[in-house]
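Trainee: quick one: sequence plus predicted model below, questions after.
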Amino acid sequence: MTRETLVRMARDVLNHGHAKTIVKADDFYKLPASVYFDKERNQREKDRVFKRIPIVLGPSAEIPNPGDFKTMDIVGTSILLTRTKNGDVMGHLNTCMHRGAPVTNEKFGNSKRFTCQYHGWTYSNEGKLIGIASSHDFGEIDKNCFNLLAFPVYERAGLIWGIINPESKIDFDVFISDYDKMIENFGLENWSLFAQRTLSGPNWKAGYDGYLDIYHVPILHKNTFGPKVSNRPLYYSWGPHQRVCTVSLSKDKVRAVLGYMSDLVDKPEEEWDMQTLLYGVWTVFPHASIASFLGGDRDLEAKDEGIPGHRGVMLSVLYPGEGVNEHYTSQYYLMENPPTDEEGIANAQAQFDLLEEIVGQEDYNMGRSQVKSLMGGGLKELTFGLNEKGNQNFYKWVDKVLDAKDDAELNEFFGSLGKEKGIPADTDKTAAA
Ligand code: FES
Ligand SMILES: [Fe+2]
């Protein structure tokens, strides 16, 4: 079923490639410049987006074993994510129920229990209060009323989402709109974490723009991807989540990086391979992206010779930072079969390093200076073109989330989006035009 959707999208990309068309936005979109630097707005985004709707907390491969845990600071809230003995992931606020100290200061680890460093209360990795230091002196309390505050967590398709609000009434299935079923085609739940890093960057939206924007690629990335790569995008949506593909029938080397479907041109559909069908950038609203790759130059050669290579994805998850023009990206390189030989490891590492240059330096430095220049005043609004439909959608949807008065309205909003689940209704018409 989902393969069929992938095949339809690939067919659509090839049709657009042959016809030299893209699906354009209906109109230009004007965005107030202050959206990138207004402090009050930035705080509202933290409170009304990041602490309210499902956000990605990392890949399953980061905490694969029972007892594994990690802590994160997300828009000022410290959270503790654990994998319990039955393999489930749980999310709790990393805040002791006695007087609020963090129950652990470790970033990662494996532990069955956490003992608060202030007065020694102890919790299981399921968040249950299991011990009170000097309990006879402290006084009798019902321990069940002092378990760590849990928030909803969902593990799907090898990714972990959470809603940093213990009282959330958001319907995750409405929000995810079957997009998880598409991502499942990667099989990430069985992949391994090859490498990971944290990048700092500009205002989170200026950073996120780059993952949805194909227009800039041959210009800003002329020294890395090269000046000849296509700048023509196609966007496919499921609810608020958008897949970005590049329209190009070129068979040059960057095709493994940028999501070209050109490898399928001369093949019958039943031979279209999952690796190529999944090319592109799969963005996860409001702040994550999965970019699919082969694991380095050698793998592209292997693919051309019909040998399965080292498939990889770069998962980037952006979180707002303290200042308006700051965010941090948790970036993971996940591999289907991580190489074990020296050459394979060096190739995969070289690719992950190149991506640091492309994202961390080229994209994020541009974002920083863009926002800085806007903060200088003068330009009141930005213009997104007809070929920037994905970015247009993103800004419209963030505004909707900010304005939604409660979770019921959010559920209604997410349910109203992207009913086509992948292929826009007017696709065939547009491709033929
Ligand atoms: S604050 Fe944790 S034991 Fe007192
Ligand atoms: Fe970029």
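Mentor: Cool, the structure landed. Ligands and ions are numbered 1, 2, ... in the order given.
Trainee: distance across stretch 201-217, terminal residue to terminal residue?
Mentor: 18 Å (Cα to Cα, to the nearest Å).
Trainee: could you do stretch 377-393 as well?
Mentor: End-to-end distance of stretch 377-393 (Cα to Cα): 25 Å.
Trainee: start to end distance for stretch 91-106?
Mentor: With Cα to Cα, one end of stretch 91-106 sits 15 Å from the other.
Trainee: quick check, pLDDT for residue 432.
Mentor: At residue 432 the predicted local confidence, pLDDT, stands at 40.
Trainee: when you give positions from now on, start the count at 5
Mentor: Yes, from this point I'll number from 5; that puts the last item at residue 436.
Trainee: how far away is the residue nearest to residue 340 when sequence neighbours are not counted from ligand 1?
Mentor: The shortest distance from residue 340 to any residue other than its chain neighbours is 4.2 Å, reached at residue 315 (Cβ to Cβ, 6 or more residues apart in numbering). Heads up, the C-betas are built off the backbone N, CA and C, glycines and all. Applying Cβ to the nearest ligand atom, to the nearest Å, the value for residue 315 to ligand 1 is 44 Å.
Trainee: same question for residue 167.
Mentor: Distance of residue 167 to ligand 1, computed by Cβ to the nearest ligand atom: 25 Å.
Trainee: any idea which helix or strand carries the residue of the stretch 305-437 of the chain found nearest ligand 1?
Mentor: Ranked by Cβ to the nearest ligand atom, the top residue of the stretch 305-437 of the chain for proximity to ligand 1 is residue 326, at 24.6 Å. Using DSSP states H and E, residue 326 maps to neither a helix nor a strand.
Trainee: need the contact list for it.
Mentor: Going by Cβ atoms under 8 Å, 6 or more residues apart in numbering, residue 326 touches no other residue.
Trainee: which of the helices or strands spans residue 20?
Mentor: Using DSSP H and E, residue 20 sits within helix 6-23.
Trainee: return the distance of the helix or strand that that helix is followed by from the chain's centre.
Mentor: Once helix 6-23 ends, the next helix or strand along the chain (criterion: DSSP H and E) is strand 33-36. Taking the mean of its C-alpha atoms, strand 33-36 sits 24 Å from the chain's own mean (Cα atoms, centre = their mean, to the nearest Å).
Trainee: strands along the stretch 305-437 of the chain, start to end?
Mentor: Taking DSSP state E, counting those that start in this stretch as the criterion, the stretch 305-437 of the chain carries its strands at 315-324, 331-339, 385-388.
Trainee: just to revisit the earlier point, give me the contacts around the helix holding residue 20.
Mentor: Here helix 6-23 makes contact (Cβ under 8 Å, 6+ apart) with 26-27, 185-186, 188-189, 238, 240, 247, 249, 251-253, 265-266, 268-269, 273, 276, 278, 280-282, 425-427, 431, 434-437.
Trainee: where in the chain is pLDDT low?
Mentor: Within the chain, the segments meeting pLDDT under 70 span 5, 260-261, 299-302, 312, 422, 428-437.
Trainee: enumerate the residues of it near ligand 1.
Mentor: Along the chain, the residues adjacent to ligand 1 under the rule Cβ under 6 Å from any ligand atom are 100, 102, 103, 104, 105, 120, 122, 123, 124, 125.
Trainee: redo that, cut-off 8 Å
Mentor: 100-105, 107, 120-125, 137 (Cβ under 8 Å from any ligand atom).
Trainee: buried ones among the residues you listed?
Mentor: Those of the residues of the chain next to ligand 1 that meet the buried threshold are 100, 101, 102, 107, 120, 125, by 16 or more other Cβ atoms under 10 Å.
Trainee: columns secondary structure and distance to residue 78 on top of these, output as CSV?
Mentor: Converted to CSV, those look like this (DSSP: H, G, I helix; E, B strand; the rest coil; distance: Cβ to Cβ, whole Å):
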residue, secondary structure, distance to residue 78
100, coil, 18
101, coil, 20
102, coil, 23
107, coil, 16
120, coil, 21
125, coil, 23
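Trainee: narrow the contacts of helix 6-23 to those that are buried.
Mentor: Among the contacts of helix 6-23, those classed as buried by 16+ other Cβ under 10 Å are 26-27, 185-186, 188-189, 238, 240, 247, 249, 251-253, 265-266, 268, 276, 280-282, 425-426, 431, 434-435.
Trainee: walk me through the domains of this structure.
Mentor: Here the domain parsing of the chain from automatic domain parsing is 6-56+175-436, 67-155.
Trainee: deepest of the ones you listed, which one?
Mentor: Mean neighbours per residue, mean count of other Cβ atoms under 10 Å, is largest over the domains of the chain for domain 6-56+175-436, with a mean of 18.
Trainee: centroid residue for this protein?
Mentor: In the chain, the centroid-proximal residue (Cα atoms, centre = their mean) is residue 292; its distance is 1.7 Å.
Trainee: which ones are touching residue 122?
Mentor: Here residue 122 is in contact with 100, 102, 103, 105 (Cβ under 8 Å, 6+ apart).
Trainee: next, the contact list for the residue nearest to residue 54 when sequence neighbours are not counted, please.
Mentor: Using Cβ to Cβ, 6+ apart and skipping the chain neighbours, the partner closest in space to residue 54 is residue 79 (4.7 Å). For residue 79, the contact set (Cβ under 8 Å, 6+ apart) comprises 50, 51, 54, 55, 168, 323, 324.
Trainee: can you put those in TSV and add secondary structure?
Mentor: Listed next are the contacts of residue 79 as TSV, based on DSSP: H, G, I helix; E, B strand; the rest coil:
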residue	secondary structure
50	helix
51	helix
54	helix
55	coil
168	coil
323	strand
324	strand
